[in-house]
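In: Let's see this in three dimensions:
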Amino acid sequence: MAFHALHGFISAARVMALRVAGFGTGRCMEHNAVTSMTEQRLRRRICSLALAALLISTQTADAVAQVGQATAPVQTNCIGRFLIDAPLVPAMQSAYIHAGKRITTRQLASRADFQQALATREAALRGGRHRAGDAMWVGGTYLDADAVVQTSWLSDSSRAGQLQELYVFDPLHHVMFLISAQTDATRRPAAIENLRALRPRIHYRDPAALPAGPGFCVDSGFIDGARINTEELTVALQVPGHAEARLSVMSRVVGRADVGLLQRAAALPSDTRPLRVGRRNVNGLEGEELLVRSGDRDGGGYRFLWEFQGEAESLQRPFLALQLSTEAAQAFATDEEALQVWDQLLGSLRLRQGAN
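Out: Here you go, the predicted model:
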């Protein structure tokens, strides 16, 4: 019981979700392109989008152990503006937010699939009813042959909130990007123009490729630019050779630094044994780590967490958290092996050269 309480306490997903929801001292960034809404309403809507993505990340992390990882090769992956030497979890959807917009990637077979995706979404929105009696569908905007914006009411009870969804298809690589943004109905033209400006900046990227220029990596994609904005990510990674271990990386640009990990974890459950606790510099990022083991070899497990609280409005030094966890101590042969694997993974987390 105490071990699961500890897991809930130090979980990076939970910490991030609480902060984004407004329970921590940190605030969401305010540099969203939709500037006519009041600051309070805009921040709340951006935070809601981020919270949804981060809550999904909890389910993603829990699924890592179900994937066969023992033979996964070590490789360098680009996540956001950072690199880490660990393979992504196959078929698991990462959460990326750029400029307050959620970015997801879908693998499609053809243009017909792209058109079918648009038609299916439109039909669903036209079939839904809004509080005023109209359909949830508001309208579509054709940007070019491979990009369409669909606008709908944010919910069936929305008075002003709307959702813009930009679908971008890459016919050469059979990949579709879905960019979701929220705005006020009175700002719909400005929101669509903002998406029109984003459209040429998002490109396909081979997942094994490491970009050289400024920009933000997403699943099979890359967004050009280094302008300060609301960037966030949650990614599930494999721990090669240790299928029972789960690993996740989280990052977000902050308005100000939050309370540090060690201050929050001043008291630990009685059956938890610290393996290493203290400050830890990772490639120039002065963070804090809390590495603990709980229970015996049969019923215990590991919870390793490192956090860097970030610097205000910095793409190079955002909030970062790396978490490794297991449900059983047998995931590693010894504590020393667990620490060695952790050190190797954590030490590989670094800013991509040229990212900013």
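In: for residue 187, phi and psi?
Out: phi -110, psi 20 (degrees, to the nearest 10).
In: Now do the contacts for the closest residue to residue 137 other than its chain neighbours.
Out: Take residue 137 and drop its neighbours on the chain: the residue closest to it by C-beta to C-beta, 6 or more residues apart in numbering is residue 125, 3.9 Å away. C-beta coordinates here come from the backbone N, C-alpha and C atoms, glycine included. By C-beta atoms under 8 Å, 6 or more residues apart in numbering, the contact list for residue 125 reads 135-137, 150, 152.
In: Show the subsequent helix or strand relative to the strand or helix carrying residue 125.
Out: Here residue 125 sits within helix 111-127, counting by DSSP states H and E. Per DSSP H and E, the first helix or strand lying C-terminal to helix 111-127 is strand 137-144.
In: That following strand - which strands sit beside it in the sheet, and in what orientation?
Out: strand 147-153 (antiparallel) (DSSP bridges).
In: quick one: the helices in the stretch 1-150 of the chain?
Out: 2-10, 12-21, 39-63, 111-127 (DSSP state H, counting those that start in this stretch).
In: got a list of what residue 188 touches?
Out: Per C-beta under 8 Å, 6+ apart, neighbours of residue 188: 138, 151, 162, 164.
In: What is the neighbour count of residue 280?
Out: 19 (other C-beta atoms under 10 Å).
In: so it makes contact with residue 305?
Out: No. Contact criterion C-beta atoms under 8 Å: residue 280 and residue 305 do not qualify, at 10.6 Å.
In: For those two, list the residues in contact with both.
Out: If you check residue 280 and residue 305 against C-beta under 8 Å, 6+ apart, the residues they both contact are residue 289.
In: now, the most widely separated pair of the contacts of residue 125?
Out: 135 and 150 (12.2 Å; C-beta to C-beta).
In: higher neighbour count, those two?
Out: residue 150 (19 against 15).
In: which residues does the more buried one form a beta bridge with?
Out: Counting by DSSP bridges, the residues bridging with residue 150 are residue 140, residue 165.
In: Tell me who's in contact with it.
Out: So residue 150 contacts 118, 121-122, 125, 137, 139-141, 164-165, 167 (C-beta under 8 Å, 6+ apart).
In: And residue 161, by the same measure?
Out: 45, 153-155, 182-185.
In: Neighbour count says what about those? Which are buried?
Out: 45, 153-154, 182-184 (16 or more other C-beta atoms under 10 Å).
In: Which pair of the residues you listed spans the longest distance?
Out: 45 and 153 (13.5 Å).
In: Phi and psi next, for the residue of the chain most remote from its centre.
Out: In the chain, the residue that sits farthest from the middle, by C-alpha atoms, centre = their mean, is residue 133; the gap is 35.6 Å. Here is the backbone geometry of residue 133 (degrees, to the nearest 10): phi 100, psi -10.
In: Can you pull the domain assignment for this protein?
Out: 2-90+229-351, 111-224 (automatic domain parsing).
In: Redo those as TSV? Include mean pLDDT.
Out: Shown next, in TSV, are the domains of the chain (pLDDT from 0 to 100):
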stretch	mean pLDDT
domain 2-90+229-351	75
domain 111-224	96
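In: could the ones you listed go into CSV alongside distance to residue 102?
Out: Putting the domains of the chain into CSV (distance: least, C-beta to C-beta, whole Å) gives the following:
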stretch, distance to residue 102
domain 2-90+229-351, 6
domain 111-224, 5
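In: Select from the contacts of residue 188 the one having the most neighbours.
Out: residue 164 (22 neighbours).
In: Show the contacting residues for it.
Out: Taking C-beta under 8 Å, 6+ apart, one finds 149-151, 180-183, 188, 191-192, 195 in contact with residue 164.
In: Select, from these, the two members most distant in space.
Out: 180 and 188 (14.6 Å).
In: Which other helices and strands does the strand or helix carrying residue 339 contact?
Out: In this assignment (DSSP H and E), residue 339 forms part of helix 335-347. If you count contacts as 3 or more C-beta pairs under 8 Å, 6 or more residues apart in numbering; DSSP states H and E, helix 335-347 packs onto strand 82-85, strand 272-282, strand 285-294, strand 301-308, strand 319-325.
In: Just the buried positions in that helix, please.
Out: 338-339, 341-342, 345-346.
In: before we move on, the earlier item: any chance of the contacts of residue 161 in TSV, plus distance to residue 111?
Out: Below are those laid out as TSV (distance: C-beta to C-beta, whole Å):
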residue	distance to residue 111
45	33
153	29
154	29
155	31
182	28
183	29
184	33
185	31
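In: Just name the closest of those residues to residue 258, please.
Out: Distances from residue 258 to these, taken by C-beta to C-beta, are shortest for residue 45, at 21.0 Å.
In: just to revisit the earlier point, just the buried residues of the contacts of residue 150.
Out: 118, 121-122, 125, 137, 140-141, 164-165, 167.
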